[in-house]
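In: Predicted coordinates and the sequence they were generated for:
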Amino acid sequence: MSALPVLDLKNASSFPSRRTEAWKYSDLRKFLREAPQPSPSAAVPVAGGGPFEALGGEPMVFVNGRPVDASARVLCGEQTVRLRLISKAEGSGHAVAARISARAGAKLLVLETHEGEGAGYVAHNRLELDLAEGAEVTRIVLTDEPEDAISVTQATVRLARGARYRQTIVASGAKLQRLETEVSHPGHGADVRLDGAYVLGDSRHADLTSVVDHLGRDGTTSQLTKGVVKDTARGVFQGKIIVERGADGTDARMGHHALILSERGEVDAKPELIIYADEVQCAHGNTVGNLDANALFYMQQRGLPLDEARALLTAAFLMEVVDRIEHEAARETVREWLKERL
């Protein structure tokens with residue numbers, strides 16, 4: 001499966017431009033024309049263990065593309081992994097390649113954070129997730145990077161029959177921040193949920209792109225993405241669900257909803273369903289608008305200042321995505337992290 005082009009930071013010819021259909025809203029070549037100089041090695045920050053530190057689990061840490069320990073994990077039973085992708089660089093580039101495999105029946109929580117220090121760096125992260133039969137993996141991603149950084153994360157997810165995959169990405173953007181997810185869906189009882197939220201201000205750019213390829217019958221996919229854009233920020237959502245021939249009984253649903261809170265903010269949305277099977281239940285929806293003026297007026301009439309009313313309505317809008325996180329402690333951590341950025 002290779003529906004989306006793979007980057008190579010050492011090869012400038014691999015950098016896509018808006019002429020590449022999958023990158024038409026996120027023109028990487030506009031910002032990056034030459035291969036960046038390699039980032040130097042750096043130490044793990046002494047203070048703190050990332051936003052999910054209190055939840056424990058086994059750390060899997062990369063700093064400027066270099067693994068602090070092993071870059072691959074094969075896991076069984078019930079485990080938590082804190083995957084920290086740390087950038088401490090100025091005007092240079094680095095790449096990460098990591099792989100996590102969940103054995104049959106395993107239940108795995110992956111808490112992934114993108115922690116950016118420095119300025120003007122380029123980060124390219126490649127993550128492979130393999131789920132054996134009956135395995136369950138929950139991946140939760142938080143991004144916190146400088147406004148002038150370029151960051152591309154490409155995740156490939158492969159499921160066996162009966163596996164269960166849950167993903168929630170919360171993005172705060174950068175100069176160009178793109179988070180891709182490609183899922184190879186076998187059907188036959190496998191179940192996928194792909195959710196996302198983006199909160200963007202100033203001139204930040206975030207792109208949530210996904211492709212789910214249903215290869216076998218009786219599989220399910222549910223996808224919900226919500227975004228809030230203000231100032232001159234730009235949010236991008238590209239979701240594609242493919243139902244191949246023979247994948248009858250597929251139930252796939254996708255929704256994207258965004259708020260633009262400024263005159264110069266921008267949202268580009270491209271939801272797609274490509275269906276080659278007959279007996280399926282598939283649907284997608286997309287809305288882009290502003291906060292409800294009547295709701296704002298109602299809250300002001302009851303004594304709330306306008307800014308506070310806006311913040312409350314915005315939080316309520318986004319929290320629908322957060323509420324779908326099944327792991328309680330992770331859900332509350334994401335909720336507080338997101339509130340701090342509203």
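Out: Sure, I can see it.
In: all contacts plus neighbour counts: C-alpha atoms, from now on.
Out: Fine.
In: Report the beta-bridge partners for the residue nearest the centre of the chain.
Out: Ranked by distance to the mean C-alpha position of the chain (C-alpha atoms, centre = their mean), the top residue is Ile169 at 3.6 Å. Beta-bridge partners recorded for Ile169 (DSSP bridges): Val141, Gly196.
In: Which strands or helices does the lowest-mean-pLDDT helix or strand in the chain pack on?
Out: Within the chain, no helix or strand scores below strand 72-75, which has a mean of 79 by mean pLDDT, DSSP states H and E. Using 3 or more C-alpha pairs under 8 Å, 6 or more residues apart in numbering; DSSP states H and E, the elements in contact with strand 72-75 are strand 93-102.
In: hmm, who's touching the strand it packs on?
Out: With contact meaning C-alpha atoms under 8 Å, 6 or more residues apart in numbering, strand 93-102 is reached by 9, 36-39, 62, 64-66, 71-76, 108, 121-132, 135-137.
In: sec struct for Asp307, please.
Out: At Asp307 the chain is in helix, as set by DSSP: H, G, I helix; E, B strand; the rest coil.
In: same deal with Leu7?
Out: Recorded secondary structure, Leu7: coil (three-state DSSP).
In: again with the one 3 residues further on
Out: Local secondary structure at Lys10 is given as coil here, using three-state DSSP.
In: Which residues are in contact with the residue nearest to it when sequence neighbours are not counted?
Out: Spatially, and ignoring its direct neighbours in sequence, Lys10 is nearest to Ala35 (5.4 Å; C-alpha to C-alpha, 6 or more residues apart in numbering). By C-alpha under 8 Å, 6+ apart, the contact list for Ala35 reads Leu9, Lys10, Asn11, Ala12.
In: Show only the entries of the contacts of strand 93-102 found in helices.
Out: Judged by DSSP state H, helices contain none of those.
In: shouldn't the residue nearest to the centre of the chain be in contact with Val141?
Out: Yes. With contact defined as C-alpha atoms under 8 Å, Ile169 reaches Val141; the gap is 4.6 Å.
In: Give the helix, strand or coil label for Leu304.
Out: Applying three-state DSSP: Leu304 is coil.
In: Can you tell me how far it is from Ala295?
Out: 11 Å (C-alpha to C-alpha, to the nearest Å).
In: What of Leu109?
Out: 37 Å.
In: Those two: who's more crowded?
Out: Under the neighbour definition other C-alpha atoms under 10 Å, Leu109 and Ala295 were set side by side, and Leu109 has more, 19 against 13.
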